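S.K.: model the following, please.
(one chain, ligands or ions: 2)
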Amino acid sequence: MSALLSVRDVTVRFGGITAIDGARLEVEPGRLLGFIGPNGAGKTTMMRVITGVVRPSAGQVLFRGSDITRWSTVARIRHGLALAQQIVRPLRALTLLDNVALAVGHRRLTSPVAAMLRHDRRRERERAHTLLERVGLAEVAGQRPEALPLGYLKRLEVARALALEPALLLLDEPLAGLNQREARAMADLIAELPGPSLAVVLIEHNLGEVLRVCPTLYVQDGGRALAFGPTSEVMARADVRAAYLGVGR
Ligand SMILES: Nc1ncnc2c1ncn2[C@@H]1O[C@H](COP(=O)(O)OP(=O)(O)OP(=O)(O)O)[C@@H](O)[C@H]1O
Ligand SMILES: [Mg+2]
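M.R.: Ligands and ions are numbered 1, 2, ... in the order given. Presented below is the predicted three-dimensional model:
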């Protein structure tokens, strides 16, 4: 079975710090992979390697059959990669619907097939509405972001990422800053996202929600891959538990 994404023996050094030290990671199509590890484990750095923001000192990143190690971020997005960042930055002057419609319009610019179709604003708005329904925001589609709680903005961020029709969606701490009820609802939403054409990687410190919704886990510690496999097997390991002692946020 060929992986959607393979990170092979990647090392990242920042001056004297080795943030990632020969880590390996694979994501199968259609999966929801929980990516956990203590603070400073190199999780965000790994995301940046995958999105092309950070170039590894060694190793390769393969995505959808291509070696993308030297590709620009824009080329990677065109190839089906999307990222929802921890800090949400919607366009404040636009409604949620227009925020998502704009992202749908961007998709047109990045896809050669979509670019051949006539620019159709009504279609873009319909598609945006469908995406807002998918993330549970249909009833506030006409509102502006500033009036809405963080939980809504995080959902909006996911809808904007989905507008790019990615094959792989990377989520870096989407539950951070949410209260328990919002975090649970967001985790439920994330659990519903993967399908035949979409895999999701969830970086999260909220271990309770990760263990509840992720069937597979990747654990990184000190820049190294510590464990990878079915959630129950990974969490049964003594070294994984040790890495988490005193970390339970
Ligand atoms: N741009 C940078 N320049 C220098 N050092 C960096 C840079 N980015 C990350 N680091 C260092 O690399 C290591 C890994 O950091 P990273 O942010 O990837 O960890 P993380 O697992 O995402 O942590 P957290 O759970 O706190 O978000 C840390 O020691 C960090 O200080
Ligand atoms: Mg981080």
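S.K.: tell me the helix or strand right after the helix or strand containing Met47.
M.R.: Taking DSSP states H and E as the definition, Met47 sits inside helix 43-51. Counting by DSSP H and E, the next helix or strand C-terminal to helix 43-51 is strand 58-63.
S.K.: partner strands of whichever helix or strand comes after that following strand and their direction?
M.R.: Next helix or strand after strand 58-63 toward the C-terminus (DSSP H and E): strand 66-67. With DSSP bridges as the test, strand 66-67 is paired with strand 58-63 (antiparallel).
S.K.: which of the residues in the strand it pairs with are buried?
M.R.: 59, 61-63 (16 or more other CB atoms under 10 Å). No exception for glycine: its C-beta is placed from N, CA and C like everyone else's.
S.K.: next, Ala19: phi, psi?
M.R.: phi -80, psi -40 (degrees, to the nearest 10).
S.K.: now do the contacts for it.
M.R.: 12-13, 42, 45, 223 (CB atoms under 8 Å, 6 or more residues apart in numbering).
S.K.: swap in Glu233?
M.R.: Neighbour list for Glu233: empty [criterion: CB under 8 Å, 6+ apart].
S.K.: how near is it to Cys214?
M.R.: In this view, Glu233 and Cys214 are 13 Å apart by CB to CB, to the nearest Å.
S.K.: with Val12 instead?
M.R.: Taking CB to CB, one finds Val12 at 24 Å from Cys214.
S.K.: looking at the two, which is more packed in?
M.R.: The residue with more neighbours, out of Val12 and Cys214, is Cys214; 25 against 22, by other CB atoms under 10 Å.
S.K.: the more buried one against Leu32, yeah?
M.R.: Yes. Proximity of Cys214 to Leu32 meets the contact threshold set by CB atoms under 8 Å, at 5.5 Å.
S.K.: find residues that contact each of those two.
M.R.: Residues touching both Cys214 and Leu32 (CB under 8 Å, 6+ apart) are Leu202.
S.K.: verify the contact between Leu132 and Val100 for me.
M.R.: Yes. If you go by CB under 8 Å, Leu132 and Val100 touch, sitting 6.0 Å apart.
S.K.: any idea how far the closest residue to Val213 other than its chain neighbours is from ligand 1?
M.R.: Once flanking residues are discounted, Val213 sits nearest to Ala191: 4.0 Å by CB to CB, 6 or more residues apart in numbering. Ala191 is 22 Å from ligand 1, where distance means CB to the nearest ligand atom, to the nearest Å.
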